[in-house]
Each structure stands twice: as C-alpha cells, then as structure tokens.
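Participant: My questions concern the predicted model and sequence given below.
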Amino acid sequence: MKPLVHVQRLEKNAYTYDVSAFGNLTAGDGVTFESLELCLFDAAASLDQYFANVELQLDGRPIGPCATRTMRRDPACVAQRMRRHTQR
C-alpha cells in the first residue's frame, strides 16, 4: 500500500496536508505550515517509519510517487518538482 499525501495551499504562505489510504482519510491534524517544504518534511517525518514511498497531490492535482526519505532529506527539491508539475 502506498498512502496518498494531499497537500493543499490555503494561502500564499500557508500549507496543510492530509494522508489517505484506499480513499479514506487516515491522518491530518489541521496544522498549517508556512512553506511547502515544511509541510512535506512534516508529512514525511510522520510516515517514513511505516512507508518507503507515498503518492503526492498538490491542490488536487496528482504529482506521482515520492520516497519519504527524499521528502525528509531534500524537501526543497520535492517542492520544486511539485510546483513545476502544477504549472503545466
């Protein structure tokens, strides 16, 4: 199983995320982060001990699979990939 991490931009510098598995919401405490990078890092920190990979979405747009290790070690790179993907 590969959980889905759905990141939502609430406003210019406000992001949050939910995690779902099999279409059912399983986590998401409503915390708001001041950057996409911090949001991704937090999601990975809560998941990487259980899952090596997740599927990513940004504002409802599928991004694709990502290693939780990469989300923790280089969230800026993952954020850049997500931003590029959604600009298409």
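Facilitator: Looks like it arrived, so ask away. Note that the coordinates shown come from a computational prediction; the quantities given were computed from them, not determined experimentally.

Participant: Spell out which residues sit in contact with the residue nearest to Asn13 when sequence neighbours are not counted, please.
Facilitator: Leaving aside its chain neighbours, Asn13 sits nearest to Glu34 (5.1 Å; criterion: CB to CB, 6 or more residues apart in numbering). For the C-beta atoms, the positions are set from N, CA and C on the backbone; glycine is no exception. Contact partners of Glu34, counting by CB atoms under 8 Å, 6 or more residues apart in numbering, are 13-15.

Participant: In CSV, list the residues you listed along with secondary structure.
Facilitator: Formatted as CSV, those follow (DSSP: H, G, I helix; E, B strand; the rest coil):
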residue, secondary structure
Asn13, coil
Ala14, strand
Tyr15, strand
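
Participant: Sticking with Met71, tell me its helix or strand.
Facilitator: Element membership for Met71 (DSSP states H and E) is helix 68-73.

Participant: following that helix, which helix or strand comes up?
Facilitator: helix 75-86.

Participant: so who does Cys39 touch?
Facilitator: Cys39 sits in contact with 7, 15-17, 33, where contact means CB under 8 Å, 6+ apart.
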